[in-house]
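In: Mind folding the following:
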Amino acid sequence: METKNVEASNVVGLDEEPKDFFIERDGERFAGTHLIIDLKGASRLDDLKFVENTLIECVKRSKATLLHIHLHHFTPNGGVSGVAVLAESHISIHTWPEKGYAALDVFMCGDSEPHNSIDVLKEAFGPDEVLVDEIRRGKEIDGKSVE
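Out: Now for the predicted structure:
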């Protein structure tokens with residue numbers, strides 16, 4: 001099991017004023033974009049350090065802020081499960097290397113660009129197929145923000 005913390009300079013301060021990180025896109029206001037990503041026919045899903053570095057690259061290319069990353073390596077199949085906690089929300093991963101399958105959730109709010117993580121995952125794991133579903137979380141209800 002591996003736990004990694006980032007330097008304090010990258011962590012959002014508790015004394016900062018609260019900000020409204022809701023997004024306005026295509027005439028719609030919502031909390032964030034949640035991508036449900038399935039990788040099929042993927043490789044290197046049992047390489048803990050490679051998975052960690054790939055998640056870190058997803059964070060960088062998505063213009064997000066990494067707060068903490070925690071991954072667990074299972075035996076005997078070598079699967080990896082874990083989460084990168086972001087100031088903008090999270091990226092989670094669960095892998096089944098014996099099946100060549102990985103399930104990821106990429107949820108980000110604010111000015112981040114979560115779709116950029118898709119290319120990182122394709123480059124890193126070389127899947128035969130990538131399935132992506134997108135959900136806009138926290139849509140306004142009756143003209144009021146969900147809080």
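In: Grab the most central residue of this structure for me.
Out: Central residue of the chain (C-alpha atoms, centre = their mean): I91, 2.1 Å from the mean position.
In: check which helix or strand covers that one.
Out: Assessed by DSSP states H and E, I91 sits inside strand 89-96.
In: what does that strand contact?
Out: 32, 42, 45-46, 51, 55, 58-59, 71, 77, 79-84, 101-109, 117 (C-beta atoms under 8 Å, 6 or more residues apart in numbering). (Glycine included, C-beta is placed from N, CA and C.)
In: List only buried entries from those.
Out: Among the contacts of strand 89-96, those classed as buried by 16 or more other C-beta atoms under 10 Å are 32, 42, 45-46, 51, 55, 58-59, 71, 79-80, 82-84, 101-102, 104-109, 117.
In: how far does the strand holding I91 sit from the chain's center?
Out: Distance of strand 89-96 from the chain centroid (C-alpha atoms, centre = their mean, to the nearest Å) equals 6 Å.
In: pLDDT (mean, whole number) over that strand?
Out: If you average the pLDDT over strand 89-96, you get 97.
In: which parts of that strand are buried?
Out: Neighbour counts over strand 89-96 (16+ other C-beta under 10 Å) mark S89, H90, I91, I93, H94, T95, W96 as buried.
In: and if you look at stretch 126-140?
Out: For stretch 126-140, the buried set under the neighbour-count rule, 16+ other C-beta under 10 Å, comprises P127, V130, G138.
In: Quick check: next helix or strand after the helix or strand of the chain with the lowest mean pLDDT?
Out: Least confident helix or strand, the chain: strand 2-5 with a mean of 44, by mean pLDDT, DSSP states H and E. Of the helices and strands lying after strand 2-5 in sequence (DSSP H and E), the nearest is strand 23-25.
In: What is the subsequent helix or strand relative to that following strand?
Out: strand 28-30.
In: strands paired with that next one, and their directions?
Out: Using DSSP bridges, strand 28-30 pairs in its sheet with strand 23-25 (antiparallel).
In: average pLDDT for the strand it pairs with?
Out: Rounded mean pLDDT across strand 23-25 is 72.
In: quick one: buried residues of that strand?
Out: Going by neighbour count (16+ other C-beta under 10 Å), the buried part of strand 23-25 is I23.
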